[in-house]
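Novice: Turn this into a model:
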Amino acid sequence: MQKSTSITFLVVIFLLLTACSAGSQKSQTPSAKSPAAADLELAAVVEEVVQKHEAVDEVVAVVLNKHISTAFKVSGFHRLRLKQIRREVNDLIQEAVPSEYTVHITTDKRLIRDLKKVARDIKANDGIALPQTQDELEKINKDMHG
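Specialist: Got it, this is the predicted structure:
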């Protein structure tokens with residue numbers, strides 16, 4: 001009787017220690033981002049505004065968490081004026097959207113491709129940006145600034 005009680009006691013202690021250590025591991029994991037809703041309507045407005053510029057051939061825009069990420073293609077002799085065109089497009093966007101938004105602009109071909117992928121992912125999820133998509137967009141925005 002004594003032996004079975006001590007074995008039971010040891011099993012209970014073992015289970016308590018195992019349960020406590022499992023709980024502490026869960027609390028140490030970083031908190032994941034929750035899915036966020038993108039503003040597809042404002043993104044469409046930004047795309048329309050940028051497309052009105054005569055030098056812009058193609059544009060993609062994503063609006064998420066008060067950030068407007070815009071990428072556009074410029075071809076031909078217009079490429080000689082890229083810096084000026086980016087400034088003009090930035091001014092057009094600033095006039096069209098509320099001032100609380102941060103605008104990110106690029107004409108880099110790799111970033112255009114990456115931003116198109118992010119826009120497709122968001123549209124495929126009915127306007128919801130999953131945590132992985134948000135991370136990709138943050139990386140793109142960081143790359144836009146050098």
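Novice: Please parse this structure into its domains.
Specialist: With domains defined by automatic domain parsing, the chain comprises 1-30, 36-144.
Novice: where in this structure is pLDDT low?
Specialist: Residues of the chain meeting the criterion pLDDT under 70: 1-32, 146.
Novice: in it, which spans are strands?
Specialist: All strands of the chain, identified by DSSP state E, fall at 36-37, 56-64, 67-74, 102-106, 128-129.
Novice: could you dump those to a markdown table with distance to residue 93 and mean neighbour count?
Specialist: Using the backbone N, CA and C atoms, a C-beta is placed for each residue, glycine as well. Formatted as a markdown table, the strands of the chain follow (distance: least, CB to CB, whole Å; neighbours: other CB atoms under 10 Å):
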| stretch | distance to residue 93 | mean neighbour count |
| --- | --- | --- |
| strand 36-37 | 21 | 14 |
| strand 56-64 | 9 | 21 |
| strand 67-74 | 7 | 22 |
| strand 102-106 | 5 | 18 |
| strand 128-129 | 20 | 18 |
